[in-house]
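> quick one, fold the following:
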Amino acid sequence: MGKKRIFISDIHMGDARSQDGSGGLHRYGWFNKEREALLAEFLEMVSEDASIDELIVIGDIFDDWVCPSNFTQPPAVERFKKIADYNDKAITAFKKIATGNKKLIYLPGNHDMLLTKDILEGIIPGVVYKGTSPGLGAYEDPIGYLIAEHGNKYGLFNAPDPFSNGTAHSLPLGYFMTRALAYKMSQTGEDTDYVSALADGIKDLMEGEKRAKAVYEALAEAAGLTGASPIEMNGVDNYANTIKSSKVAEIFKDIYKKWADYRPDIGITRDYAQYADFIQLFKTAEAVHFKLDGPVKIAIFGHSHEVSLRRYNASYEEYEKPQAGGVDFTTPAFIYANSGTWVNGKPTTYIETKEINGDIPMHRVRIMRYKAGGEEILLDEDKVHI
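Coordinates of the predicted model:
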């Protein structure tokens, strides 16, 4: 039998203060204790399933971004340890996998791009860290027909940014936008869908002549910040003490204009970079990974929080599986899949892939949903020749 892999992303574990609503503030975190219990149950299932060879976490296991702009942040080691301590059941389950008979592999996302190899290994001994730099990293099978990435690398607002304010910094504009929205949530208790709120701002950018500066200013104003409002950094990403909201807008004002200048070899246009942050990453997969003369047949992403499976033929046209008369699994040349998310209020989904050996080697890709009590629901599947 061939190798079986599980891909999961966008868990967004936060620390205690993101959930407890202490000090007169409202809960602002994305991941609660009920979700943690469900995740721990799922990870226990993975640990006990002898047919699974690898668990690949493709980004945003921890959330280092959803923090109100007026909160002081401790050093990175302490920040991530606080998250791990608060989510001890899930972390214990991750540790069991990492020290057991299967591999636990971690790729960085944008919300945990400052999580280093040393910090992660201190929290989960035995984990295989696949990050190459803050917010970047990819998983590839040995032959190269399957690739997995978080996907923020291709996003206008969420790609690591050592350009706008110098190489001493990596955090992109999306970080500061998220902190503004977390501030609003902590003050008002309004149950903000952060990803949708960011998407609305990016849509404004696409539909008019606005640029990133205007989008950020509009979002910050809606969150209750003025240009003089301080964003507490305390050394995070080498930003000393505080930075004014107006300064953030000025630093990142040209990210749309200079996308190609900053990233000439990334393989997608600035307009595709906008899609990557608020729709899906299938256009990225088409542009970057799917080549008739290339090895990649399957591209798996996270980041968008929207689970998906798309199939393409050799002409790069998307097709629908036949619903009657049998399924023709020989048609698709490429498969794009997105693992979805585990944040509050969303279906808890993941991707399962399996190599199928035979006269014609194939690879099966499934979208799965996990529910309490060990119930696994098949949402969609397809196969591709390898």
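> for the protein, which residues score under the pLDDT cut-off?
Scanning the chain with the threshold set as pLDDT under 70 gives 1, 21-22, 191-211, 314-331.
> checking residue 80 next. Helix, strand or coil?
Secondary structure, DSSP: H, G, I helix; E, B strand; the rest coil: residue 80 is helix.
> what's the spacing between it and residue 293?
Applying C-beta to C-beta, to the nearest Å, the value for residue 80 to residue 293 is 42 Å. C-betas here are computed from N, CA, C, even on glycine.
> which one of the two has more residues nearby?
residue 80 (24 against 4; other C-beta atoms under 10 Å).
> please name the nearest non-neighbouring residue to that one.
Leaving aside its chain neighbours, residue 80 sits nearest to residue 119 (5.3 Å; criterion: C-beta to C-beta, 6 or more residues apart in numbering).
> tell me who's in contact with the one you found.
Residue 119 is in contact with 76, 77, 80, counting by C-beta atoms under 8 Å, 6 or more residues apart in numbering.
> what do you get for residue 120?
Contacts of residue 120 (C-beta under 8 Å, 6+ apart): 80, 106, 127, 129.
> what do you get if the cut-off is 6 Å, keeping everything else the same?
Counting by C-beta atoms under 6 Å, 6 or more residues apart in numbering, residue 120 makes contact with 127, 129.
> three-state assignment of it?
State at residue 120, reduced to three classes by three-state DSSP: helix.
> and the residue positioned nearest the centre of the chain, helix, strand or coil?
Central residue of the chain (C-alpha atoms, centre = their mean): residue 303, 3.2 Å from the mean position. Three-state call for residue 303 (three-state DSSP): coil.
> residues near the residue nearest to it when sequence neighbours are not counted, how many?
Leaving aside its sequence neighbours, residue 303 sits nearest to residue 151 (C-beta to C-beta, 6+ apart; 3.6 Å). Using other C-beta under 10 Å, residue 151 has 28 neighbouring residues.
> ok, so of the contacts of residue 119, who is nearest residue 26?
Taking C-beta to C-beta as the measure, residue 26 sits nearest to residue 80 out of the contacts of residue 119, at 23.6 Å.
> using CSV, write out every CA atom in whichever strand or helix holds residue 92.
Per DSSP states H and E, residue 92 falls inside helix 88-98. Extracted as CSV, the C-alpha positions of helix 88-98 are listed here (Å, rounded to 0.1, in the frame of the first residue of the first chain):
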residue,chain,number,x,y,z
ASP,A,88,-2.2,21.8,26.6
LYS,A,89,-4.6,19.0,25.5
ALA,A,90,-4.0,19.7,21.8
ILE,A,91,-0.2,20.2,22.4
THR,A,92,0.0,16.9,24.3
ALA,A,93,-1.7,15.2,21.3
PHE,A,94,0.7,16.8,18.9
LYS,A,95,3.6,15.6,21.0
LYS,A,96,2.3,12.0,21.0
ILE,A,97,2.3,12.0,17.2
ALA,A,98,5.7,13.6,16.9
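> quick check: buried residues in that helix?
89, 90, 91, 93, 94, 95, 96, 97, 98 (16 or more other C-beta atoms under 10 Å).
> what residues does the fifth one make contact with?
For residue 94, the contact set (C-beta under 6 Å, 6+ apart) comprises residue 124.
> re the thing from before, chain center to the helix holding residue 92: distance?
Here helix 88-98 is found 20 Å from its chain centre; the criterion is C-alpha atoms, centre = their mean, to the nearest Å.
> from now on call the first residue 259
Okay, residue one is now 259; in that scheme the one you just asked about reads as helix 346-356.
> hmm, who's touching stretch 299-308?
264, 310, 313, 351, 354, 355, 358, 628, 632.
> how close does residue 353 get to residue 402?
31 Å.
> residue 413 is in contact with residue 534, isn't it?
Yes: look at residue 413 against residue 534 with C-beta atoms under 6 Å: they come within range, at 4.3 Å.
> anything in contact with each of those two?
Contacts common to residue 413 and residue 534, judged by C-beta under 6 Å, 6+ apart, are absent.
> ranges for the helices of the chain?
For the chain, the helices defined by DSSP state H occupy 275-278, 291-306, 334-344, 346-356, 375-381, 431-446, 452-465, 470-480, 503-509, 517-520, 528-536, 540-542.
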